[in-house]
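A.B. asks: let's see this in three dimensions:
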Amino acid sequence: RKWLVWGWGTQVRSADCEAEAGADTDETKPIQAAIDACRTAGGGTVVVPAGRFTTGSLRLYSHITLHLQSGAVVQGSSDLAEYTNFGETTDIRYLSDPRYIRDWHLPPYYFQALLCAYDAVDVAITGDPGSLIDGSSVRDPNGEEHFRGPMGIVLARVQGVRLQGYTLVNSANWANVLPACQDVVINDVTVLGGHDGFDLHHARHVTIAGCRIETGDDCLAGYDIQDLTVRDTYLNTACNNLRVGGTGIVFDHCTFRGPGKFPHLLDHKFDTLNVFMYFAMQVDPVTTTAADVTIRNASIDHVSHLVTYLQGEPTALQDGPALQSLTFDNVQIANITETSLFVGRSENVALRLKECVITPTTSVPLLHIDDHVRLTLDHVFFTAPTTFLVTDGPTLTFNGLTDFFTVDGQTVKSKRRRDTILHD
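C.D. replies: Sure thing, here's the model as predicted:
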């Protein structure tokens, strides 16, 4: 089969770009030759036709689109020697920290991947319905946790990213890694199994829409994110739906469901741990000036914890800049099976629930907060008595339609409609 390479208005056919579909044939060199020819032509599109093509690491460059036609499968090689990071680095700094290298068993080639781009402009990976990127679940005994292999896609410091249409399965580590990328648009991408779905450390101006993320690890992760909007996306995991930190982060019309369809590959469990877990690491410099997250017009069901926030806690990867506010707006919340710990410790943090409907789990307090949490319940309906624990304070129980807020972490005020607030 021939790889068709289009430059700006120019179609190029080259014998050096021929690649034969077949599960046992290494097609890394001819595919990379097609990409390089496209680069020489000034950019354009490399088209992958229907068929299964086995390859190691491929590098994309500025103004290049890799497009998979329906039935095309780009499958990661089972040979670890076929992968490389091309001598490049990412902007995720804990990779060079001796403590994390030791504790997590991080190899120096940690961010090698099947598809890569670095310091580029205008890079796209797209697929027609029925196209597939398969990471082959490659195991590396020298990798993280002594088994994680190459990433699926790593695009580092790319300005102008478009990901669309493909399904990525069996990623041997994180699926879509976009550190320090800017102006990112992701539409209709599906991630099934593997580890993290999308990792957005230090990313700027990101829009994700219409995606389906069913993973063994975090659906979406990253710190120091600025201006992220996720819409109309389904998130299912055996870890955290969201492990994020940054400013201007909004999840709109998303569905959060547990337990995970795919297991966590380290502990082989399926429980969804948290809808939201804050993420900010002291070891990696953060440039965002605020930390605010909003989840709105959403549905949450069958998750262990609604949130986890322990300000300054290094074991929770929350020892970076403190979270300032978390808002749930018009969210249906049900079957939260364990009490969520949300504590500001030495830093004030706002937690607001607005026009939510909450169906509690019998005999399980929904939240445990401390006096640094500025709690607001704005027209929240509790379908049954729901308990909030307060460190060194009274237990709060809410039932029915409720408006409530705290002042200075101690004085409790409420406007009662058909609500019941009990102080034990």
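
A.B. asks: tell me the contacts of residue 331?
C.D. replies: 295-300, 353, 356-357 (Cβ atoms under 8 Å, 6 or more residues apart in numbering). (Each C-beta comes from the backbone N, C-alpha and C, glycine too.)

A.B. asks: can I assume residue 253 is in contact with residue 298?
C.D. replies: Yes: the criterion here is Cβ atoms under 8 Å, and residue 253 meets it with residue 298 at 6.9 Å.

A.B. asks: settle it for me: which of the two has more neighbours?
C.D. replies: residue 298 (22 against 14; other Cβ atoms under 10 Å).

A.B. asks: packing partners for the strand or helix carrying residue 248?
C.D. replies: Per DSSP states H and E: residue 248 is located in strand 240-252. Where contact means 3 or more Cβ pairs under 8 Å, 6 or more residues apart in numbering; DSSP states H and E, strand 240-252 is packed against strand 220-231, strand 274-278, strand 292-303.

A.B. asks: average model confidence for the helix or strand just after it?
C.D. replies: For strand 240-252, the succeeding helix or strand toward the C-terminus, using DSSP H and E, is strand 255-257. Per-residue pLDDT over strand 255-257 has a mean of 98.

A.B. asks: point out where the stretch 1-150 of the chain drops to low pLDDT.
C.D. replies: The stretch 1-150 of the chain contains residues with pLDDT under 70 at 1-24.

A.B. asks: excluding chain neighbours, give the residue nearest to residue 257 in space.
C.D. replies: Nearest non-adjacent residue to residue 257, counting by Cβ to Cβ, 6 or more residues apart in numbering: residue 236, 5.0 Å away.

A.B. asks: distance between the helix or strand hosting the one you found and the chain's centre?
C.D. replies: If you go by DSSP H and E, residue 236 is part of strand 234-237. Distance of strand 234-237 from its chain centroid, counting by Cα atoms, centre = their mean, to the nearest Å, is 10 Å.

A.B. asks: likewise stretch 132-144?
C.D. replies: 18 Å.

A.B. asks: now the angle between strand 274-278 and the strand holding residue 248, please.
C.D. replies: Relative orientation of strand 240-252 versus strand 274-278 (axes from the mean of the first three to the mean of the last three Cα atoms, to 10 degrees): 80 degrees.

A.B. asks: buried residues of strand 240-252, list them for me.
C.D. replies: 240-252 (16 or more other Cβ atoms under 10 Å).

A.B. asks: same list (those) but as CSV, adding distance to residue 159 and pLDDT.
C.D. replies: Listed next are the buried residues of strand 240-252 as CSV, based on distance: Cβ to Cβ, whole Å; pLDDT from 0 to 100:
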residue, distance to residue 159, pLDDT
240, 28, 98
241, 28, 98
242, 25, 98
243, 25, 98
244, 21, 97
245, 22, 96
246, 18, 96
247, 19, 96
248, 18, 97
249, 20, 98
250, 22, 98
251, 24, 98
252, 25, 98
